[in-house]
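Visitor: Return a 3D structure for these sequence lines:
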Amino acid sequence: MSILESLKKYTVVVADTGDIQAIARVKPQDATTNPSLLFSAAQRPEYQHLVQEALEYSAKRGGDETAKTQAFMDNLFVSFGREILKVIPGRVSTEVDAGLSFDTEATLAKARTLIGLYEGSGTSRDRVLIKIASTWEGIKAAEQLEKEGIHCNLTLLFSFAQAVACAEAKVTLISPFVGRIYDWYKKENGGKEIPADQDPGVASVTKIYNYYKKFGYKTLVMGASFRKVEQITRLAGSDLLTISPDLIEKMQETQGELQPALTGEQAKASEGEKLHLDEKTFRWMHNEDAMASDKLSEGIRKFYADARKLEKYAQSQVKEHVGA
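Guide: Reported below is the predicted structural model:
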């Protein structure tokens, strides 16, 4: 048995890529996408029909170049999402532009637009997770979307405060970033590797998982942003784990049998009190975590830059299509 097969006994495996062929090859349950992954995939010849589909949609939408560009990007996200859903049995995560991370109303509008496109093409909203940054504004948007039956994946999650607020908002799923947490502490440690049993990213997800299960929250925990296989195996038992295709393939090639590192029984026996966070308490608690404050800000900047890169590509495609 491979350690990937063993992991799948305890945890839902999610592929973190926009490459549909890679997804079909590694056979995950779910998949996640983002602007960077989509930009890369859109350059490949095998996906040009999806680019053309998005261009035709944007042309029909009318409006100025900005409106056409936004329509192209929205449709490209949904077109890739629909294609991914053809090769997986579960759900796909589609990201809201990081530029909206501090705007609850704009996040709500974009999420509703994306779900409308999915449903308009015959895809049930139950197969889609709207991916939103775990700012206070993003969490509040997700809380409202969940009430509307639009399921959310709260991403760029680094602090315990973010995790608690997401659980209280009854979001479907959170994505704590194991690798980026590890990177921050490694840099603080002068670049030295941190022993596996002291990995701060693994410890963060473990703490969140135990808290959720101890107090009966329905929000699922999906560890993300892995740097090495050992981080993944130490979180066996987590509800879900989203993993890049190269690490999935390494796990396919490695023989072994895992035991769950995270269990409901251990969670119920864990320490900790139940918290309730209003906005002021959330912001203070998050601010007190230097790593989380740094990585959330950096993550939003990077996600925003990736979205602008995709937007620039979209503008060029729309101009070329209009001039053709």
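
Visitor: ok, which stretches of the stretch 1-150 of the chain are strands?
Guide: For the stretch 1-150 of the chain, applying DSSP state E, counting those that start in this stretch gives strands covering 12-16, 30-32, 92-95, 128-133.

Visitor: Show me what the last one is in contact with.
Guide: Think strand 128-133. Applying CB atoms under 8 Å, 6 or more residues apart in numbering, the external contacts of strand 128-133 come out as 32, 34, 81, 91-96, 98, 101, 107, 111, 114-115, 118, 138-139, 141-142, 145, 150-156, 172-173, 175, 296, 299-300, 303. C-beta coordinates here come from the backbone N, C-alpha and C atoms, glycine included.

Visitor: What subset of those residues is buried?
Guide: Neighbour counting over those (16 or more other CB atoms under 10 Å) leaves 32, 34, 81, 91-96, 98, 101, 107, 111, 114-115, 118, 138-139, 141-142, 145, 150-156, 172-173, 175, 296, 299-300, 303 as the buried ones.

Visitor: So which residues of the stretch 201-324 of the chain form strands?
Guide: 220-223, 240-243.

Visitor: wait, which of those strands is closest to residue 179?
Guide: strand 220-223 (9.4 Å; CB to CB).

Visitor: Show me what the closest one pairs with in its sheet, parallel or antiparallel.
Guide: According to DSSP bridges, strand 220-223 forms sheet pairs with strand 173-176 (parallel), strand 240-243 (parallel).

Visitor: After the first one, heading C-terminal, what element do we hit next?
Guide: What it means is strand 173-176. helix 178-188 (DSSP states H and E).

Visitor: coming back round to it: looking at the strands of the stretch 201-324 of the chain, which is nearest to residue 62?
Guide: From the strands of the stretch 201-324 of the chain, taking CB to CB, the stretch that ends up closest is strand 240-243, at 36.7 Å.

Visitor: OK, contacts around the spatially most central residue of the chain?
Guide: What sits nearest the mean C-alpha location of the chain, by CA atoms, centre = their mean, is residue 155, with 5.0 Å. Contacts for residue 155 (CB under 8 Å, 6+ apart) come out as 95, 131-134, 174-175, 177, 224.

Visitor: which of the residues you listed tops the neighbour count?
Guide: Compared across those, residue 134 has the highest neighbour count, 32 neighbours, by other CB atoms under 10 Å.
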